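[1] Kindly generate the corresponding structure for this input.
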Amino acid sequence: MNIEFNRNEDVMKQLISKMESRLEQIYLGGGRKRIDKEHEKGKMTARERVATLIDPESETIEIGAFAGYGLYEEQGGCPGGGVVVVIGYVSGRQCIIVANDATVKAGAWFPITGKKSLRAQEIAMENRLPIIYLVDSAGVFLPMQNEIFADKEHFGRIFRNNAKMSSMGIPQISAIMGSCVAGGAYLPIMSDESLIVDKTGTIFLAGSYLVKAAIGENIDNETLGGADTHCDISGVTDYKAKDDADALKTIRSLIDKLGSFEKAGFSRTEPKAPKKKTEEIIGILPELRTKEYDMREIIYRLVDESKIDEYKADYGKSIITCYARIDGWAVGIVANQRKIVKSAKGEMQFGGVIYSDSADKSARFIMNCNQKKIPLIFLHDVTGFMVGSRSEHGGIIKDGAKMVNAVSNSTVPKFSIVIGNSYGAGNYAMCGKAYDPRLIVAWPTANIAVMGGAQAAKVLLQIQTSTMKAKGEEITPEQEKALLDKITQGYDEQTSSYYAAARLWVDAIIDPRDTRKWISMGIEAAEHAPVEKFNLGLIQT
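    Below is the predicted model:
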């Protein structure tokens with residue numbers, strides 16, 4: 001390996017180390033003292049419950065670990081969005097698990113908690129995955145109730161999804177392992193089966209204090225809504241567990257009895273490792289994002305035997321389209337090429353830019369994958385579509401619209417990996433969050449925005465200086481530079497992978513070496529849901 005590779009590798013390792021350090025803090029939830037308090041009550045933490053529930057030494061992927069990162073600082077923060085969401089294996093069956101973290105504000109629901117929980121349900125519905133809720137929540141975080149209660153994608157949508165999933169035949173199992181109050185009480189009872197842990201689990205529409213205030217009745221919470229009440233008297237819950245471990249054991253037994261349903265029918269053969277070492281993937285991406293590199297070198301380290309069948313290799317060279325296998329699964333890959341290349345007409349094409357021929361090629365390839373029932377993988381490092389008179393006269397808008405249309409109408413599962421830049425309409429054409437990827441993850445090097453920081457900062461600077469001059473204010477070169485630096489810093493923060501992950505624009509920030517695992521487990525999840533027939537719609541070929 002050359003010096004540049006070693007430099008790139010060192011930079012990536014530092015970014016991964018920074019990511020892992022931040023995750024370690026997030027995994028502590030509300031902190032050691034609150035974890036100790038949960039243990040004193042005889043309860044496991046959310047992460048301990050998930051670890052106990054899943055099959056030993058099995059693979060997992062966590063959704064939204066960075067949700068809420070840097071948000072709600074005035075309220076003391078909301079690590080992980082106050083809820084743990086994991087796709088893992090329970091009794092050999094792939095499931096999605098949603099566990100309230102009672103160490104974070106007693107498991108109260110912040111706006112990001114609701115968004116993350118809805119994302120978990122969306123994944124379950126799209127992939128027909130069994131969903132397990134480990135409930136331990138004080139309900140809506142009242143100081144922010146106006147941001148979580150009444151809108152379409154707020155708290156009530158969760159119960160609507162409960163009902164929809166039941167009608168779709170998606171198994172839902174809930175365990176009441178702590179507080180379950182008010183509107184939140186509907187979630188476990190709208191599940192297909194519910195468990196409650198004796199002495200620590202309670203469920204009611206109103207707690208003892210509110211009951212006293214409302215109707216003057218004196219009653220304790222255990223008598224009002226504990227395990228004995230709901231298993232012996234009301235019949236609200238189906239199983240009584242003596243402790244957390246017993247509840248989780250019961251869930252494993254219930255999942256073990258699930259039957260199988262119709263599959264999607266994706267092609268899978270025996271998995272084979274890449275010939276080019278996956279470990280080397282962290283040395284490919286240049287330290288300076290303006291430098292070119294060959295995206296094929298990343299693809300070779302993702303796919304089985306480092307083997308691809310490239311579609312239209314000599315046409316539309318600013319995007320690579322190819323067939324391959326990842327962990328045995330057949331995939332179609334659409335990847336931005338960052339090398340400067342020559343078009344078929346001999347014209348230079350800049351790396352990371354989508355040209356008309358590239359958009360046309362990609363649209364055709366996406367349609368082919370749909371016809372063949374092959375899942376699609378999008379590898380983002382895109383600065384946008386080519387601009388200028390030559391591109392406009394050549395119909396870049398038409399060809400770009402064709403690609404966006406193909407992505408929008410695609411019925412095979414799509415997975416997006418944001419490796420580097422994902423700017424402007426390039427984000428849309430490459431299946432950004434708005435285009436329903438089954439999973440979308442980012443490397444620590446990812447940047448998502450309407451345009452690059454340098455360009456955006458200059459545009460914003462021009463607007464601000466023009467406004468100041470219109471008011472008769474003078475601006476010196478030194479003031480202009482200081483203003484540019486301030487704008488650039490603020491914009492760069494908003495384009496970072498952490499900013500995106502905090503708001504669930506991406507499902508996770510991942511170690512690049514885990515990319516194969518995320519894609520493979522994602523396709524395995526998608527295999528549970530039959531694929532609708534592809535319709536060309538308005539796509540012009």
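
[2] as a whole number, average confidence for the helix or strand where Asp492 lies?
    Using DSSP states H and E, Asp492 sits within helix 477-495. Per-region confidence: helix 477-495 scores 77 on mean pLDDT.

[3] buried set for it?
    483-484, 487-488, 491-492, 495 (16 or more other C-beta atoms under 10 Å). C-beta coordinates here come from the backbone N, C-alpha and C atoms, glycine included.

[4] how about those residues in a markdown table, adding distance to Pro530?
    Below are the buried residues of helix 477-495 laid out as a markdown table (distance: C-beta to C-beta, whole Å):
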| residue | distance to Pro530 |
| --- | --- |
| Leu483 | 55 |
| Leu484 | 53 |
| Ile487 | 49 |
| Thr488 | 48 |
| Tyr491 | 43 |
| Asp492 | 43 |
| Thr495 | 38 |
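
[5] Lys361: which of the residues you listed is nearest?
    Thr495 (28.0 Å; C-beta to C-beta).

[6] That closest one contacts Met451, doesn't it?
    No - look at Thr495 against Met451 with C-beta atoms under 8 Å: they stay out of range, at 9.2 Å.

[7] circling back: which two of the buried residues of helix 477-495 have the greatest separation?
    It's Leu483 and Thr495 that sit farthest apart of these, by C-beta to C-beta, at 18.7 Å.

[8] one step back: please enumerate residues in contact with the helix or strand that the helix holding Asp492 is followed by?
    For helix 477-495, the succeeding helix or strand toward the C-terminus, using DSSP H and E, is helix 497-502. Here helix 497-502 makes contact (C-beta atoms under 8 Å, 6 or more residues apart in numbering) with 22, 64-71, 112, 418, 442-448, 493, 506, 508-509.

[9] need the contact list for Ile54.
    With C-beta under 8 Å, 6+ apart, Ile54 has these contacts: 60, 86, 88-90, 97.

[10] Recalculate using a threshold of 10 Å.
    Taking C-beta atoms under 10 Å, 6 or more residues apart in numbering as the criterion, Ile54 is in contact with 60, 86-91, 95, 97, 132, 248, 252.

[11] Neighbour-wise, give me the winner out of these.
    Counting neighbours by other C-beta atoms under 10 Å, the top entry in the contacts of Ile54 is Ile132, with 29 neighbours.

[12] just checking, that one is part of a strand?
    Yes - the assignment for Ile132 (DSSP: H, G, I helix; E, B strand; the rest coil) places it in a strand.

[13] hang on, isn't it packed against Leu187?
    No - assessed by C-beta atoms under 10 Å, Ile132 is found out of contact with Leu187, at 12.0 Å.

[14] which residues do these two both contact?
    98, 172, 174.

[15] how about these in CSV, adding pLDDT?
    Shown next, in CSV, are the shared contacts of Ile132 and Leu187 (pLDDT from 0 to 100):
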residue, pLDDT
Val98, 98
Gln172, 98
Ser174, 97
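
[16] Next step: the residues you listed restricted to helices.
    Within the shared contacts of Ile132 and Leu187, no residue falls in helices by DSSP state H.

[17] out of the residues you listed, which one sits closest to Met386?
    Val98 (43.0 Å).

[18] Next, the contact list for that closest one, please.
    Contacts of Val98 by C-beta under 10 Å, 6+ apart are 46, 50, 63, 83-86, 116-117, 119-121, 124, 131-135, 158, 174, 187.

[19] With Asp399 instead?
    316, 354-363, 385, 391, 429, 540 are the contacts of Asp399 under C-beta under 10 Å, 6+ apart.

[20] same question, Leu129
    87, 93-96, 120, 123, 165, 170-171, 524-526, 528-529.

[21] What of Ile417?
    Per C-beta under 10 Å, 6+ apart, neighbours of Ile417: 298, 302, 333, 335, 377-381, 430, 437, 439-443, 446, 506, 510, 512, 515, 518-519.

[22] Which ones among the residues you listed map onto strands?
    333, 335, 377-381, 439-442 (DSSP state E).

[23] so which of those would you say is closest to Pro274?
    Ile333 (13.3 Å).

[24] That closest one pairs with what?
    Cys322, Ile377 (DSSP bridges).

[25] doesn't Ile366 make contact with it?
    No - Ile333 is beyond contact range of Ile366, at 11.1 Å (criterion: C-beta under 10 Å).

[26] Which neighbours do those two have in common?
    What both Ile333 and Ile366 touch, as defined by C-beta under 10 Å, 6+ apart, is the set 321, 376, 378.

[27] part of a helix, is Ile417?
    No - under three-state DSSP, Ile417 falls outside any helix and is assigned strand.

[28] How about the contacts made by the closest residue to it other than its chain neighbours?
    Using C-beta to C-beta, 6 or more residues apart in numbering and skipping the chain neighbours, the partner closest in space to Ile417 is Leu379 (5.3 Å). The neighbourhood of Leu379, defined by C-beta under 10 Å, 6+ apart, consists of 295, 298-299, 302, 319-320, 333-337, 415-420, 430, 515.

[29] thinking again about what came up before, need the overlap of contacts for Thr495 and Met451.
    With C-beta under 10 Å, 6+ apart as the test, Thr495 and Met451 both reach 421, 423.

[30] Counting only strands, which of the contacts of Val98 make the cut?
    63, 83-86, 131-135, 174.

[31] Can I get those in a markdown table including distance to Glu473?
    Formatted as a markdown table, these follow (distance: C-beta to C-beta, whole Å):
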| residue | distance to Glu473 |
| --- | --- |
| Ile63 | 48 |
| Val83 | 49 |
| Val84 | 51 |
| Val85 | 50 |
| Val86 | 54 |
| Ile131 | 58 |
| Ile132 | 60 |
| Tyr133 | 57 |
| Leu134 | 58 |
| Val135 | 57 |
| Ser174 | 61 |
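
[32] just these now: which is nearest Lys276?
    For the ones in strands among the contacts of Val98, the nearest to Lys276 is Ile63 (29.2 Å; C-beta to C-beta).

[33] thought that closest one was touching Met521?
    No - in this structure, Ile63 is not within contact of Met521 by C-beta under 10 Å, at 11.2 Å.

[34] For Lys317, which residues are in contact?
    Lys317 is in contact with 337, 339-344, 349, 351, 355, 357-358, 361, counting by C-beta under 10 Å, 6+ apart.

[35] Distance check, it against Ala363.
    With distances taken as C-beta to C-beta, to the nearest Å, Lys317 is found 16 Å from Ala363.

[36] so what secondary structure elements neighbour the helix holding Asp492?
    With contacts taken as 3 or more C-beta pairs under 10 Å, 6 or more residues apart in numbering; DSSP states H and E, helix 477-495 sits against strand 414-423, strand 447-449, helix 453-470, helix 497-502.

[37] how about 7 Å then?
    Packed against helix 477-495, as judged by 3 or more C-beta pairs under 7 Å, 6 or more residues apart in numbering; DSSP states H and E, are the following elements: strand 447-449, helix 453-470.

[38] can you tell me which of the ones you listed the model trusts least?
    Among those, helix 453-470 scores lowest, with a mean of 70.

[39] where do the helices sit along the stretch 251-400 of the chain?
    295-300, 356-372, 389-393, 396-409 (DSSP state H, counting those that start in this stretch).

[40] What I need now is those helices written out in JSON lines, including distance to Lys276 for each item.
    Converted to JSON lines, these look like this (distance: least, C-beta to C-beta, whole Å):
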{"stretch": "helix 295-300", "distance to Lys276": "5"}
{"stretch": "helix 356-372", "distance to Lys276": "23"}
{"stretch": "helix 389-393", "distance to Lys276": "35"}
{"stretch": "helix 396-409", "distance to Lys276": "29"}
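
[41] just so I know, which of those lies nearest Lys533?
    helix 356-372 (9.2 Å).

[42] that older thread, which among the contacts of helix 497-502 end up buried?
    Using 16+ other C-beta under 10 Å, the buried ones in those are 64-69, 71, 112, 418, 442-448, 506, 508-509.

[43] Great, nothing more from me.
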